[in-house]
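Chemist: got a predicted model here, sequence first, then my questions.
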Amino acid sequence: MSELDSRSPASGDNIMLDCRQLTRIYSEGPQDLTVLDHLDLQVRAGERVAVVGSSGSGKTTLLNLLGGLDRPSGGEVIIGGQSLAGLGEAALGSFRNRYIGFVYQFHHLLAEFTAAENVALPLIIRGQTRKVAVDKAQKLLDRVGMAPRGAHKPGELSGGERQRVAIARALVTDPSLVLMDEPTGNLDQDTAANILAMMDELAATTDCAFVVVTHDMSLAAHQDRTMRLDRGQLSAV
């Protein structure tokens, strides 16, 4: 695929995410800062990979590049055979909407919308009718144990409930890749454990790849593989 087409991306040799020589250099201040230095990473369809590292090591920068929210200084990100470098801004936005799900430490739900409307929003942006989008949103909320709370707004939900809604929103588009940035970072121990159990169930029933950035080694241990980001490079833990 050159520009975005209507087909779902197909992973060559079961590789869903392929980062090649990924580099990000910030040219701010008196000298350049290299955050990612010719980094390579491959994640297979259905595989869950945790990325750990100290604060300031570039974990969030890596996620932003993987999700097409930032452009690399060098190298490329390939998802399902599609190089993000080959997409203009409009096509890149459409690609993100179709094939990438995001879950952040802070849920970023829209306060004026209900849980079901928040989950449905990516489908509405895609052009689905409101009824079709909300119906699918309700099914995803049921999947994450939040169906009874679909009519509630984020301010009426607990932290764990809001995070479950955010996970449902990330999955509503049937993404090929889900990117998670500290998904349990603001949760108490019991709620975090429930989120981990739900992630285990989702990983067992979906074919999408997961990349999870975290400081939490118990969360990392739930993934198939853990990589450490240090000095711009990834190494196995």
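Modeler: Nice, I can see it.

Chemist: spit out the contact partners of residue 47.
Modeler: 16, 209, 210, 224, 225 (CB atoms under 8 Å, 6 or more residues apart in numbering). C-betas here are computed from N, CA, C, even on glycine.

Chemist: isn't the last one right next to residue 236, touching?
Modeler: Yes - with contact taken as CB atoms under 8 Å, residue 225 and residue 236 are classed as touching, separated by 7.2 Å.

Chemist: out of these two, which sits in the more crowded spot?
Modeler: Neighbours per residue (other CB atoms under 10 Å) separate residue 225 from residue 236, with residue 225 holding more: 14 against 7.

Chemist: backbone phi and psi for that one, please?
Modeler: The phi/psi pair for residue 225 (degrees, to the nearest 10) reads phi -150, psi 140.

Chemist: for it, which non-adjacent residue is closest in space?
Modeler: Of all residues not flanking residue 225 in the chain, residue 49 sits nearest, at 4.9 Å (CB to CB, 6 or more residues apart in numbering).

Chemist: same question for residue 77.
Modeler: Using CB to CB, 6+ apart, the nearest residue to residue 77 is residue 84, at 4.7 Å.

Chemist: look at that neighbour and say how many residues are nearby.
Modeler: 20.

Chemist: same question, residue 229
Modeler: So residue 229, with other CB under 10 Å, has 22 neighbours.

Chemist: do you know how far it is from residue 114?
Modeler: Applying CB to CB, to the nearest Å, the value for residue 229 to residue 114 is 37 Å.

Chemist: returning to what we had before: so the residue nearest to residue 225 sits right up against residue 222, yeah?
Modeler: No - taking contacts as CB under 8 Å, residue 49 lies outside contact range of residue 222: 11.4 Å.

Chemist: where do the helices of the protein begin and end?
Modeler: Counting by DSSP state H, the segments of the chain that form helices are 59-66, 89-99, 115-126, 130-143, 159-171, 189-205, 217-221.

Chemist: mean neighbour count added to these, as TSV?
Modeler: Shown next, in TSV, are the helices of the chain (neighbours: other CB atoms under 10 Å):
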stretch	mean neighbour count
helix 59-66	22
helix 89-99	17
helix 115-126	21
helix 130-143	17
helix 159-171	24
helix 189-205	15
helix 217-221	16
